[in-house]
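1. Whatever this is, show me its structure:
(one chain, ligands or ions: 1)
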Amino acid sequence: MAALPIALVFGWWLGQRWHSRRSGPSGHGHSSGYARGLNYLLNDQPDRAIDLLVEMVEIDSEAVETHLALGALFRHQGEVERSIRIHQNLIARPSLSRNERAQAMLNLGLDFKQAGINDRAVTQFHKVITHSRELRVIALENLLHIHQHEKDWQQAIEVAQRLTGKQEDYALMICHFHCELVELAIAGRDLRRAAKLMRQASSFGESSPRFLLLQIKLAVVKQKNRVALRWLEKLITLCPEYRLMVLDDFEDCYVAEFGEGAFIQRIIDLAEDTKSSAALVCAIADRVERIEGCDAAIALLLKQRSKFSSILLNTKIIALTGGSESEGGLQAGSVSEVVGDLMAQMMTSANEYRCSQCGFIARQLHWRCPGCGDWQSLQIQEII
Ligand SMILES: [Zn+2]
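-> Residues are numbered from 1 along each chain as shown. The predicted structure follows:
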C-alpha cells in the first residue's frame, strides 16, 4: 500500500479537524496527535499511525473526526471489517451532526464497496445523496463506478445523467451505456428495442464511431442495404480509422445494390483518399485482385506508393509480384511464401489496439479499456 494516498486522506482529515476545532479551546492536544500520525504515514509507517489513533480514540471516545480518520485508515490498509464496525458505531450515535452522519455513511459505503458488498454500498450512497449536498457528487461517482462494474447500464445512465453538468462531460459515457444496451437487444433479437435505444443514444453521440458502427450492424441484421450504406458512408467520412473494420460489410451491401464494377470504382476512390491507411489500401488491393486480377491490384498499389512510404505497402507489392515473375522457380516460390507470412504478421499488428490512457494493448477492440476502465481510449495501431 503506497503511503502517500493514505497520508493525503489523513492530511485532509487533519485539516477538517483543525478547521472544526479552531473556534474551540480543546483541540490542541489532538492536533499534535494528528501531526504525529501524519508523520508516521509520510514515513510509510501506517501501523504506528493506527496505534496512535486507537490511543486517541480511547482517550476521547466522543471525537468523531478521530473515528473517521481511523476508519479510513483501516480501509486503506485492507482491514475493511474493522472500518465497517467503526462507521456503523458512529452512525448509531444519536448526537452526530448532519454533516458528520453523512461523512460516516459515505465512508461506510466506501467500506462496502471495497469489500465487494455492492448492494449495501449502493444503499449507503443513496442515503448520502439525500442527506448531504456537499457529498452528493462523490456518492454519485461511486454509484456510477459500481453500476459500470456490474454492467447495470440502465442504472448507470440514470446516475450519469444526474452527474451531467458537474465536473466532466458525461455525454460520451451515456452514449456508450445506451450502446451496451443496444448490443444486448440485438443479441436477444429484440430489434425494435434496439432501434428505440439507438434513438435515445443519438442525442449523446451521433457522430461517435460506436454509434455509427451499431447503426450499420442494425441495418445489416435487418438486411436493409441502402440504410446500411448510408451509415457506412457516414462512418467512412467521420471516422476514417474505422474504415478497414467495415470493409466486408461495405462490399456486401455495395455489391448487392450497385454491382461489382461500381464497388471496385468506389474502393479505388477510397484508396486514393488521403485519410485511408496503408493497411486499408492493402485490404482494398486484395478485393481488386479477387475481382479484377493481380495486375489491377499491383497497379493500384504502385500508384499509392507515391503517397505512402510504407513497409506494409511495399511488402504487399512484392507478395503480389513475387509469384508471377519467376516461372515455377523453387527459390521464387519460397520467397513469395516468406513474404506472404511477413504480410500476414504485419496485418495482424494492423489490427491491434492501444489505450491512449494506460498503454494497454488488445487484439480486439474494447470500447472500455480492460486496463484502466476509460471509455473509447483504445486506438487502432498505425502500421507504416
Ligand atoms: Zn487504458
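2. Check whether residue 46 really touches residue 78, as I assumed.
-> No. Using CB atoms under 8 Å as the test, residue 46 is too far from residue 78 to be in contact (10.5 Å). Backbone N, C-alpha and C define where each C-beta goes, glycine included.
3. out of the two, which sits in the more crowded spot?
-> Using other CB atoms under 10 Å, the more surrounded residue of residue 46 and residue 78 is residue 46, with 20 against 11.
4. Okay, strands next: where are they in this protein?
-> Assigned by DSSP state E, the chain shows strands spanning 353-355, 361-362, 378-380.
5. what's the first one in contact with?
-> Contacting residues not belonging to strand 353-355 are listed as 360-366, 369, 371-372, 374, 377-381 [CB atoms under 8 Å, 6 or more residues apart in numbering].
6. Go through these and say which is closest to residue 151.
-> Lowest distance from residue 151 to the contacts of strand 353-355 (CB to CB) belongs to residue 366, with 13.4 Å.
7. Not counting its neighbours along the chain, what's nearest the closest one?
-> Using CB to CB, 6 or more residues apart in numbering and skipping the chain neighbours, the partner closest in space to residue 366 is residue 378 (5.7 Å).
8. Sketch out the low-pLDDT regions of the stretch 1-150 of the chain for me.
-> In the predicted model of the stretch 1-150 of the chain, residues 1-35, 37-43, 55, 57-62 satisfy pLDDT under 70.
9. redo that, cut-off 80
-> Across the stretch 1-150 of the chain, the ranges flagged by pLDDT under 80 are 1-63.
10. for the residue of it found nearest the ion, what are its contacts?
-> Relative to the ion, the nearest point of the stretch 1-150 of the chain is residue 148 (14.1 Å; CB to the ion). Shown in contact with residue 148 (CB under 8 Å, 6+ apart): 156, 368, 373.
11. out of these, which are inside helices?
-> Those of the contacts of residue 148 mapping onto helices are residue 156, per DSSP state H.
12. what about stretch 347-366, distance to the chain center?
-> Mean-position distance between stretch 347-366 and its chain equals 13 Å (CA atoms, centre = their mean, to the nearest Å).
13. From the contacts of residue 148, pick the one nearest residue 162.
-> Top of the list for closeness to residue 162, among these and by CB to CB, is residue 156 at 11.0 Å.
14. so who does the closest residue in space to residue 236 that isn't next to it in sequence touch?
-> Spatial nearest neighbour of residue 236, chain neighbours left out: residue 243 (5.5 Å); criterion: CB to CB, 6+ apart. Going by CB under 8 Å, 6+ apart, residue 243 touches 235, 236, 270, 276, 277, 280.
15. Let me know whether the fourth one touches residue 236 as I believe.
-> No. Look at residue 276 against residue 236 with CB under 8 Å: they stay out of range, at 9.2 Å.
16. Show me which of those two is the more surrounded one.
-> The residue with more neighbours, out of residue 276 and residue 236, is residue 276; 23 against 20, by other CB under 10 Å.
17. Pop out the phi and psi values for the more buried one.
-> The phi/psi pair for residue 276 (degrees, to the nearest 10) reads phi -80, psi 140.
18. Tell me how far it lies from residue 160.
-> Counting by CB to CB, to the nearest Å, the gap from residue 276 to residue 160 is 35 Å.
19. tell me, how many neighbours does residue 309 end up with?
-> By other CB under 10 Å, neighbour count at residue 309 equals 10.
20. again, but for the one 3 residues further on
-> One way to gauge burial is a neighbour count; for residue 312, by other CB under 10 Å, it gives 20.
21. next one: residue 274
-> A total of 6 residues lie near residue 274 under the criterion other CB under 10 Å.
22. Could you check how far the residue lying closest to it once chain neighbours are set aside is from residue 339?
-> Ranked by CB to CB, 6+ apart and with sequence neighbours excluded, the top spatial neighbour of residue 274 is residue 307, at 7.2 Å. Residue 307 sits 22 Å away from residue 339, going by CB to CB.
23. got it, and residue 233?
-> 34 Å.
24. For the two, indicate the residue with more neighbours.
-> Neighbours were counted for residue 233 and for residue 339 using other CB under 10 Å; residue 339 has more, 19 against 13.
25. Was I right to think the more buried one contacts residue 312?
-> No. The pair residue 339 / residue 312 is not scored as a contact, 11.8 Å apart, by CB under 8 Å.
26. And for residue 368, nearest residue in space, chain neighbours not counted?
-> Take residue 368 and drop its neighbours on the chain: the residue closest to it by CB to CB, 6+ apart is residue 375, 5.5 Å away.
27. burial of that neighbour, as a residue count?
-> Residue 375 has 17 nearby residues by other CB under 10 Å.
28. Quick check: nearest residue in space to residue 178, chain neighbours excluded?
-> Closest residue in space to residue 178, ignoring its immediate chain neighbours: residue 201 at 3.6 Å, by CB to CB, 6+ apart.
29. Number of residues surrounding residue 321?
-> Residues lying near residue 321 (other CB under 10 Å) number 18.
30. For it, which non-adjacent residue is spatially closest?
-> Counting by CB to CB, 6+ apart, residue 298 is the residue found nearest to residue 321 once chain neighbours are left out, at 6.1 Å.
31. give the contact list for that neighbour.
-> 317, 320, 321.
32. For the ion, state which of those is nearest.
-> Nearest to the ion among the contacts of residue 298: residue 317, at 36.0 Å, using CB to the ion.
33. Now do the contacts for the closest one.
-> Applying CB under 8 Å, 6+ apart, the residues contacting residue 317 are 298, 301, 302, 305.
34. For the last one, which non-adjacent residue is closest in space?
-> To tie it back to what came earlier, the one meant is residue 305. Leaving aside its chain neighbours, residue 305 sits nearest to residue 313 (6.2 Å; criterion: CB to CB, 6+ apart).
35. returning to that earlier point: mind putting the contacts of residue 298 into a markdown table with pLDDT and distance to the ion?
-> Formatted as a markdown table, these follow (pLDDT from 0 to 100; distance: CB to the ion, whole Å):
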| residue | pLDDT | distance to the ion |
| --- | --- | --- |
| 317 | 87 | 36 |
| 320 | 86 | 37 |
| 321 | 83 | 41 |
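36. Noted, bye for now.
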